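> I'd like to go over a predicted model; first the sequence, then the structure.
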Amino acid sequence: MIRLYGIPIQIHPLLWIVLAGSVLTGFILEMLVLFGVVIIHELGHVAAASSFRWRVKAIRLLPFGGVAEVEENGNMPAWQELLVVLAGPAQNLLMVLVAMLCRSIGWWSVGWSEYFIEVNLLIGLFNLLPILPLDGGKLLQTILSIWMPYYQTLHATFTVSLLLGSMMIAVSLGIWNAQGIDLNLLLIGMFLVASNWSDYRNLSYIFIRFLMSREIRKTKRHRQGVTTTPIIVSAQATVQQVVKLLKREQHHVIYICNEQGKITQALPEQRVIATYLSGNEQQVRAKRRYIRYNKRKLSERRI
């Protein structure tokens, strides 16, 4: 396996096919430039994540770009996640500025610099589309999670990603124009839709991991001092309904009211989460299924 600074680099099988095709068609130099730009883009994510002591697992190179995989999943401060996500496109912007400088002082030809700038703009702007696991999708998810309950944030971002991915497929098929099928866009759209549909079907397991990680986050936040945000629910509310109201950037106390609107009980969120995770046999089975699923696929979050 290829490693860079001790981080494994995993290459998708389809990318090997693309690389082979570039060799056969004589576009090997262009492909190497694209390959290098993607690596630098992902190293921007890795450098930012490492600076916050996130655990970087691997860099995966895909036919349309790459993703850096880390073990954190909604349990780190939103401002850190924003900086980690933006660090990738920042590398593309930096490379554009370097290309312009090299052209101005005569080190690079006009044609070569324009091609290099075009590649960086293409990768940087494409990654800003609000579709998971692209940078834009992660930005949307992080920003929404600041104001919305985390469960609703997951549901909303997966839904948006599926809709936009489906629109990408429709555009590639020429539904709104007569230019014919765009095979590259079609493959990218299909990959994004399949990836998000798989994650959407397992949304409850992703949410369980978020809940399981809140205890670690709570200890760190309490050392620095934290403001408690109340959640007021009726006595008829289920534990499942209550945990779906939790927000990633806040610590909650749950107040239970009777039919007259008087508070009858106050519970820390840890007690409610523990009840949800281990309350009945069905939830225990869901935890076990999630752990098996997590070992197979969700042990890393895509940036």
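Good, I have the coordinates. Numbering: from 1, shown residues only.

> where does the chain have low pLDDT?
Flagging of the chain using pLDDT under 70 yields the residue ranges 1-2, 4-6, 12-27, 63-65, 71-74, 175-180, 215-226, 279-303.

> Kindly state the domain boundaries assigned to it.
The chain breaks down into these domains under automatic domain parsing: 1-128, 131-201, 209-296.

> What residues sit buried inside the lengthiest helix in the chain?
Ranked by residue count under DSSP state H, the longest helix found in the chain is helix 78-104. The neighbour-count check on helix 78-104 (16 or more other CB atoms under 10 Å) flags 78, 80-92, 95-96, 98-99, 103 as buried. From N, CA and C alone the C-beta is placed, and that goes for glycine too.

> For Arg201, see how far away Leu34 is.
32 Å (CB to CB, to the nearest Å).

> These two: who's more crowded?
The residue with more neighbours, out of Leu34 and Arg201, is Leu34; 19 against 10, by other CB atoms under 10 Å.

> give me the element that one is part of.
helix 28-51 (DSSP states H and E).

> Could you point out the helix or strand that follows that helix?
Next element after helix 28-51 (DSSP H and E): strand 56-62.

> contacting residues for Leu82?
By CB atoms under 8 Å, 6 or more residues apart in numbering, the contact set of Leu82 is Leu139, Thr142, Ile143.

> residues in contact with Asn258?
Ala235, Thr264.

> Give me the three-state assignment for the residue of the chain positioned farthest from its centre.
Distance from the C-alpha centroid of the chain peaks at Gln260, with 43.4 Å (CA atoms, centre = their mean). Following DSSP: H, G, I helix; E, B strand; the rest coil, we place Gln260 in the coil state.

> what's the answer for Gly174, then?
Secondary structure, three-state DSSP: Gly174 is coil.

> count of residues packed around it?
13.

> Do I have it right that it meets Leu185?
No. In this structure, Gly174 is not within contact of Leu185 by CB atoms under 8 Å, at 10.2 Å.

> if we can go back for a sec, helices or strands up against the helix or strand that the longest helix of the chain is followed by?
Using DSSP H and E, the helix or strand that follows helix 78-104 towards the C-terminus is helix 110-126. Secondary-structure packing of helix 110-126 (3 or more CB pairs under 8 Å, 6 or more residues apart in numbering; DSSP states H and E): helix 28-51, helix 78-104.

> For Val84, see how far away Lys247 is.
20 Å.

> Shouldn't Pro230 be within a strand?
Yes. Assessed by three-state DSSP, Pro230 belongs to a strand.

> is it in a bridge, and if so with what?
Listed by DSSP bridges, the beta-bridge partners for Pro230 are Val253.

> wait, isn't it in contact with Val253?
Yes. Counting by CB under 8 Å, Pro230 does reach Val253; the two are 5.6 Å apart.

> the more surrounded of the two?
Taking other CB under 10 Å, Pro230 and Val253 do not tie; Val253 has more neighbours (14 against 11).

> could you list every residue that touches the more buried one?
For Val253, counting by CB under 8 Å, 6+ apart, the contacting residues are Thr228, Thr229, Pro230, Ile231, Ala266, Leu267, Pro268, Glu269.
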